[in-house]
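Enquirer: show me the folded form of this:
(chains A, B and C)
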Amino acid sequence: MPYQNRVAVLGAGLTRFMRRALETPKELAFEAAKTALEDAGLTIADIDCVVSVTAPEAFDGVHMNGEYLADGAGAWGKPYMRTYVGGGSGVFGLVAGWYHIASGHFDTCLVVAEEKMSPALPHPQGAFNAIYDQFTERPLGVNLLWIFALEMNRYMQTHGIPMETFARVAQKNKRNGIDHPSAQPGIAGDFTIEQIMASEVMAWPVQRLMVSPISDGAGAMVLASERFARRMSRPPVWIEGVGWNLDTSYWTNRDLYYPRYLEKAARMAYEMAGISDPRRDIHVVEPYDPFAYKELHHLEGLLLADKGQAPRLAEEGFWERDTAQGIPASPSGGLLGVGNPIAAAGMMKLAEIYWQLQGQAGPRQVKREVRRGLAQAWGDLMQVGTVVIMGR
Amino acid sequence: MEPFSGTSLTDHALVSGEVLLSFWQPKALYRWDAGVAISAFLDGLKAGKLLATRCPECRRTLAPPRVFCELCFRPIGDWVELPGAGTINTYSVSYVNWDATRRRTPEVPVVVELDGASPGIGILHLMGEVGTTLEEITGKLRIGAPVQPVWKPAAEREGAITDIRYFRLAEG
Amino acid sequence: MLERAAIIGIGYTPLRPVSPEVSFRELIFEAAVKAYADAGIEPGQVSTFVSVTEDYVEGTAIADEYVPDQLGAVLKPVHTITTDGITGIASLVMQLATEQLDIGVIEGHSKASNIVHPAHIEALALDPIYARPLAFHPRYVAGLEMRAFLEATGNTEEQAALVAAVNRRSALRNPLAAYPANLTAADALASAPVAEPLKRGDIAQPADGAIVLVLARESRLPQLAPKCGRPVFIDGIGWTQDTPNIEERDLSRAVYAEKAAQMAYRRAGITNPTAQLDFAEVDDTFSYKELQHLESLGLARSGESGRLLAEGRFSPGGALPVNPSGGHLGCGYAYDMSGLRSVLEAALQLRGQAGERQLDGVRRGLAQSWRGLPTATGAVAVLSRQ
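Expert: Below you'll find the model as predicted:
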């Protein structure tokens, strides 16, 4: 039975995504929160509680980052918590906001996602070295790209997927991103498959134009209970299902070719939403795409394609924005086309589904009619799936 | 839609002093307790042995070893010595250092499924003796290929994962 | 009326100054095994898991990734909250109240002994542009606050020192405690100054340990009750924070505790806390914080907490026993596990399992947390046995 105690989305706001922002993390959080409140037609006084999400503390170089962000996020004096599940945090923010409202404890909740990666020196990627096991992995001189390259190779070779197919995902998302007002300069664009295939090898099989960039940015959404939402003039979008799941941290003991944690998270959300056939009932999807292969990998985990079949569907144009028969994937441009301020990128995906359902996505509006959409994020040691389904 | 708020800075703005910056070097140092399982594992490496544990319930042989089974949620007391050899589960050819600088010769991280451990149970390590160019390396390596460890000499081993210098393709 | 959650399983390790014999995973595994056995459940029955920790305390980026295995939470809904344990419990209370999830688990742990320079980690929590470049030791924030509090309320350094002595003596009866000691207020007063008026004896010392609690929806208790430990109900819970900017705060008050208490009391139907609560575990990370928190929680009038302490009102045999466990001064400061340690004591007291330090006839108690320097974040839980 679908979940009855519904939670509404009343508004969304994003900053631009930038390689280096002038704004401090607090200021980025403020800009996004203020935009979301304005979009919802509310002020901070209408907000009962606040959730913030950011990924590792080491980007900002601030310990107790949630506290640091509190005033920028509009949380001063309010019940407030910072939740995190690594790269899955952005989408998880809405899960946390959902339980604040669905519990009956609060009528309104502001969810703020912020990531300022640029402060970390010599390079933000270094902040990620400490994600590996301190005894059995870090002494090997690790770097972040390894795990994704290892996963991509396993996925690619298990199913025999050609590199051109991954390049096609990057091409689609970078093209979609041209129309996104948050898009980071230099990231979106009309690239040929040849250009993408010829981009430099970072950690084979991962190539430059199939990886999302380092970014600064923030995003926010306003949630409300059904009784509060009914008082608003604009019809809301509803959160119909949420799911989250964490796999083992012994990642070298798993078969990386398939994201089983995501399937679990998706099934949790589908069940809550009363969805028995996601390929029929999900009309637009924002899968997490920090790497081109991840979009396809995630579409399989979301059960929107059979194992190993998402690449074939990509070749047929099934995931394109203007598809008539397929399911548009990453119409926003995704992380590959808009940028990847980690937690804020997840919020960007949620905002896209919200705008698509409201018919407010402008040049990015998908061609087919959409009544229900799904946003998803992923992170940690390639082990967490977070899923939110929204409908109108 | 109009572009959203946010002020993008150029590299020049940072180095020219156009914007002011505040620097801080964190003094974040840790001495982690390795505990029962990993202490024994590291001691084993120092002695030139690759140790694993075996869950009495699900019968999985696990590496890196642990003294509890995360799936059966029960304690584990059985230790086994693995031969050290294994097969490639997946690999990469990495041209990027952790600080995003570029490497002239690539590193080859690998997940090795260990012989004697349960199927799919592997550890992260590096491949060696596989060449220096992408074409050469991807030409030599394949998923499922047998590999064997190259140990440091006993006198140089210190009880660390790096006591195995790297894995190389098995002969023949 | 929102459905209540109840604590149905308790698992913990003793707190110790160091714990070199076990890894953090092994430490948590011990607490988790005990919690599930106490609750009479298998971890597979749990619908949601929460951990409370933060990266720089662990020395691991995105430390939440290492949570599932030692909790039996592989391929389960798990997330981490960078907050104290009581706010973590608030998350579970809300998750269970959605009626989508039935059983929740919270985990907190401390490997404080593994942090080589704890003050440098605390310093990383200061504002990177305004406060940190001054390069002062973060304990100065406590010194500033202690002076502001004592001067505004008329409580004294001697009374703060008495808090330290009383709590470390109470810890003599607590086998969990890392720092029991038979001290007097004079010992604390004579200890070395750290950030005047704060002295070494006023400061809770770091400790290692792990705590796991199992919570369930009240409506699920009939199925679980035959096997689980005696349920302890969460009647009300509140959490909030004051401004993150130290210079903007009223340092004489713990505004976060006032607001969190209002929220928890409202939910629990408490209008007269001194009459309706039988005992309290309040944060005493620094000795003066216990006094400040007692006044913020409405358990003493402003300026009277020190005198009431000296008169024995907050002693085990007094009208309102406070920190029967020995508090953080006696048990040890365990980062974000600290709030869970306070809830643990409250739960043991309400179950009648507090051993030598068991209070007579307690039916309802309070546990309160503060997230430590330099925050003004805190939470309050009201717990009862019916």
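Enquirer: can I assume C:Ala181 is in contact with C:Arg168?
Expert: Yes. The criterion here is Cβ atoms under 8 Å, and C:Ala181 meets it with C:Arg168 at 4.3 Å. Where you see a C-beta, it was placed from the backbone N, CA and C, and this is true even at glycine.
Enquirer: joint contacts of the two?
Expert: C:Gly330 (Cβ atoms under 8 Å, 6 or more residues apart in numbering or on different chains).
Enquirer: for the closest residue to chain C within chain B, phi and psi?
Expert: For chain B, the residue positioned closest to chain C under Cβ to the nearest Cβ is B:Gly35, at a distance of 2.7 Å. As for B:Gly35, its main-chain torsions (degrees, to the nearest 10) stand at phi 80, psi -170.
Enquirer: residues near it, how many?
Expert: Other residues lying near B:Gly35 total 22 when counted by other Cβ atoms under 10 Å in any protein chain shown.
Enquirer: so what's the spatially most central residue of chain A up against?
Expert: Closest residue to the average C-alpha location of chain A: A:Gly346 at 2.5 Å, with Cα atoms, centre = their mean. If you count contacts by Cβ under 8 Å, 6+ apart, A:Gly346 has them with A:53, A:87-93, A:113, A:288, A:375, A:377, A:386.
Enquirer: over to A:Gly61?
Expert: Counted by Cβ under 8 Å, 6+ apart, A:Gly61 has contacts A:119-120, B:24, B:26, C:124, C:128.
Enquirer: about what we covered before: which of C:Ala181 and C:Arg168 has more residues huddled nearby?
Expert: C:Arg168 (25 against 17).
Enquirer: and the one helix or strand that one maps to, what other elements does it pack with?
Expert: C:Arg168 belongs to helix C:157-170 when assigned by DSSP states H and E. Secondary-structure packing of helix C:157-170 (3 or more Cβ pairs under 8 Å, 6 or more residues apart in numbering or on different chains; DSSP states H and E): helix C:139-153, helix C:185-189, helix C:287-296, helix C:305-310, helix C:327-331.
Enquirer: repeat that for 7 Å
Expert: In terms of contacts (3 or more Cβ pairs under 7 Å, 6 or more residues apart in numbering or on different chains; DSSP states H and E), helix C:157-170 is packed against helix C:185-189, helix C:287-296, helix C:305-310, helix C:327-331.
Enquirer: state the distance from the residue lying closest to C:Glu158 once chain neighbours are set aside to chain A.
Expert: Leaving aside its chain neighbours, C:Glu158 sits nearest to C:Ala185 (6.1 Å; criterion: Cβ to Cβ, 6 or more residues apart in numbering or on different chains). Taking Cβ to the nearest Cβ, to the nearest Å as the measure, C:Ala185 falls 32 Å from chain A.
Enquirer: so who does the residue positioned nearest the centre of chain B touch?
Expert: Centre of chain B computed as the mean C-alpha position; nearest residue by Cα atoms, centre = their mean is B:Leu124, 3.2 Å away. Residues in contact with B:Leu124 (Cβ atoms under 7 Å, 6 or more residues apart in numbering or on different chains) are A:137, A:140, A:252, B:109, B:111.
Enquirer: for the residue of chain B closest to chain C, give me its contacts.
Expert: C:22-23, C:25-26.
Enquirer: try 10 Å
Expert: A:135, B:41, B:66-67, C:19-27, C:29 (Cβ atoms under 10 Å, 6 or more residues apart in numbering or on different chains).
Enquirer: kindly report the same for C:Leu348.
Expert: C:10, C:12, C:174, C:176, C:232, C:324-325, C:354-355, C:357-358.
Enquirer: among these, who's most crowded?
Expert: Ranking these using other Cβ under 10 Å puts C:Pro324 first, with 28 neighbours.
Enquirer: hang on, isn't that one packed against C:Ala177?
Expert: No. When contacts are counted by Cβ atoms under 10 Å, C:Pro324 is not listed as touching C:Ala177 (11.2 Å).
Enquirer: overlap in contacts of those two?
Expert: Any residue near both C:Pro324 and C:Ala177 by Cβ under 10 Å, 6+ apart counts here, and that gives C:167, C:170-171, C:330, C:357.
Enquirer: please report phi then psi for B:Ser39.
Expert: According to degrees, to the nearest 10, B:Ser39 has phi -60, psi -50.
Enquirer: now do C:Arg253
Expert: Torsion angles, degrees, to the nearest 10, at C:Arg253: phi -120, psi 160.
Enquirer: excluding chain neighbours, give the residue nearest to it in space.
Expert: Distances taken as Cβ to Cβ, 6+ apart put C:Ser296 closest to C:Arg253, at 6.3 Å, once the chain neighbours are dropped.
Enquirer: do the same with C:Glu65
Expert: Nearest one to C:Glu65, counting by Cβ to Cβ, 6+ apart, is A:Asp380 at 3.6 Å.
Enquirer: quick one, what contacts residue 47?
Expert: Picking chain A for this. A:Ile47 neighbours (Cβ under 10 Å, 6+ apart): A:33, A:37, A:40, A:74-75, A:78, A:106-110, A:222-224.
Enquirer: looking at chain B here, not the other one
Expert: B:81, B:154, B:157, B:159, B:163.
Enquirer: can you pull the pLDDT of the closest residue to C:Glu196 other than its chain neighbours?
Expert: Leaving out its chain neighbours, the residue that sits closest to C:Glu196 by Cβ to Cβ, 6+ apart is C:Gly143, at 6.0 Å. Residue-level confidence at C:Gly143 comes out at 97, pLDDT.
Enquirer: and A:Gly391, how many neighbours?
Expert: Neighbour tally, A:Gly391, other Cβ under 10 Å: 22.
Enquirer: wait, it sits on A:Glu240?
Expert: Yes. With contact defined as Cβ under 10 Å, A:Gly391 reaches A:Glu240; the gap is 4.7 Å.
Enquirer: joint contacts of those two?
Expert: Common neighbours of A:Gly391 and A:Glu240 (Cβ under 10 Å, 6+ apart) are A:2, A:6, A:273, A:275, A:281, A:372-374.
Enquirer: sketch out the low-pLDDT regions of the chain for me.
Expert: Answering for chain A, as no chain was given. Where chain A drops to pLDDT under 70, the residues are A:1-4.
Enquirer: um, chain C though
Expert: For chain C (pLDDT under 70), the answer is C:1.
Enquirer: got the contact list for the closest residue to C:Met337 other than its chain neighbours?
Expert: In this structure, C:Met337 finds its nearest non-sequential neighbour in C:Gly108, 3.5 Å apart by Cβ to Cβ, 6+ apart. Listed by Cβ under 10 Å, 6+ apart, the contact partners of C:Gly108 are C:12, C:28, C:31, C:50-53, C:84-86, C:88-89, C:209-213, C:334-341, C:343-344.
Enquirer: now with 6 Å?
Expert: C:52, C:85, C:211, C:336-337, C:340 (Cβ atoms under 6 Å, 6 or more residues apart in numbering or on different chains).
Enquirer: before we move on, what about C:Ala261?
Expert: C:297, C:380.
Enquirer: what's the most distant pair in the shared contacts of C:Pro324 and C:Ala177?
Expert: C:Asn167 and C:Arg357 (11.9 Å; Cβ to Cβ).
Enquirer: so how far is A:Ala55 from the residue nearest to C:Glu65?
Expert: 10 Å (Cβ to Cβ, to the nearest Å).
Enquirer: now the common contact residues for these two.
Expert: Shared contacts of A:Asp380 and A:Ala55, counting by Cβ under 6 Å, 6+ apart, come down to A:Gly86.
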